[in-house]
Structures are given as C-alpha cells and as structure tokens.
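Peer 1: Below: sequence and its predicted model.
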Amino acid sequence: MANTRDTSQDSPEPRQRQESPSKDDNRTAAHRPKPMEVLREARAQFAELTGLSAESVTSFEQTEDGWSLEIEVLELARVPDTMSLMASYLVELDPEGQLTGYRRLRRYERGRADAHRSGGR
C-alpha cells in the first residue's frame, strides 16, 4: 500500500509540470490577444473614450501595426428611428489590443442606403 500511496502522491507532480508550459503559453497569449478579445476590448475602449456605444463592427483585420476596425455607432437618436444619425469610425489598435487612435469616416441617417460604397468605386 505504501507504493500505491507514493504513486498517487507522485502523479499530481507531473501534472503540475505539464501545466507550467500552458501558463507560459497564456503569458504569450496576453501579448497577442485572440480576435474576439480584441473586438470586445476595442468596443469597450472606444465607448469609454467617446461615450458612444458600438452598434456593430463592420470590418476587422490584423495589420502590420496591430489591428484595424470599423465601428458603427448611434450619434444622435431621432424619431422615427430611421432618421437617427449614425456614424462609422475607423479604430486602430496596437498588437496587444490597446486603442491607439480613431477617426470618424462618415455620418449618415440610419434609414438611408450607403451610396458611398454602392457607388462602384
């Protein structure tokens, strides 16, 4: 029985050793966040800076300098809702997902088709 106890006591140690590399992987992952983490964090940071909540993310890509997103927000609510003013913002983040800048690309009424993109550029 002593051997059985020694074996059961020894077995958790190798498991702990196996978990250590995954902890290192988590540290590496902290420097390179997953796309969904970047999206969530970008929306939160943008809202905190501007006071505007993102209604949708219309584009998202990883760039050489980090990440780039296009976020649509409600800038001015009107009645009826189709007359509300919407805006599209370009949001840039560093490789770790920290917001480095943003700018408004366009402003439009919610109920209007986007002639800018459908114009066949």
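Peer 2: Cool, the structure landed.
Peer 1: the domain parsing of this structure - what is it?
Peer 2: As assigned by automatic domain parsing, the chain contains the domains 1-31, 33-111.
Peer 1: Can you add mean neighbour count and mean pLDDT and give those domains back as TSV?
Peer 2: (C-beta placed from N, C-alpha, C; glycine too.) Shown next, in TSV, are these (neighbours: other CB atoms under 10 Å; pLDDT from 0 to 100):
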stretch	mean neighbour count	mean pLDDT
domain 1-31	9	48
domain 33-111	15	95
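Peer 1: wait, is residue 33 part of a strand?
Peer 2: No - Residue 33: not assigned to a strand; according to DSSP: H, G, I helix; E, B strand; the rest coil it is coil.
Peer 1: Leaving out chain neighbours, which residue sits closest to residue 102?
Peer 2: Spatial nearest neighbour of residue 102, chain neighbours left out: residue 91 (4.6 Å); criterion: CB to CB, 6 or more residues apart in numbering.
Peer 1: Count the residues that sit near residue 113.
Peer 2: The number of residues packed around residue 113, counting by other CB atoms under 10 Å, is 8.
Peer 1: what's the helix or strand for it?
Peer 2: Counting by DSSP states H and E, no helix or strand carries residue 113.
Peer 1: can you check residue 37 too?
Peer 2: Counting by DSSP H and E, residue 37 is part of helix 35-50.
Peer 1: Show the subsequent helix or strand relative to that helix.
Peer 2: Using DSSP H and E, the first helix or strand after helix 35-50 is strand 54-63.
Peer 1: could you give the angle of that next one to helix 35-50?
Peer 2: 120 degrees (axes from the mean of the first three to the mean of the last three CA atoms, to 10 degrees).
Peer 1: Give me the sheet partners of strand 54-63 and which way each runs.
Peer 2: The strands beside strand 54-63 in its sheet (DSSP bridges) come out as strand 66-76 (antiparallel).
Peer 1: from what I can see, residue 88 looks like it's in a helix, true?
Peer 2: No - per three-state DSSP, residue 88 lies outside any helix segment and is strand.
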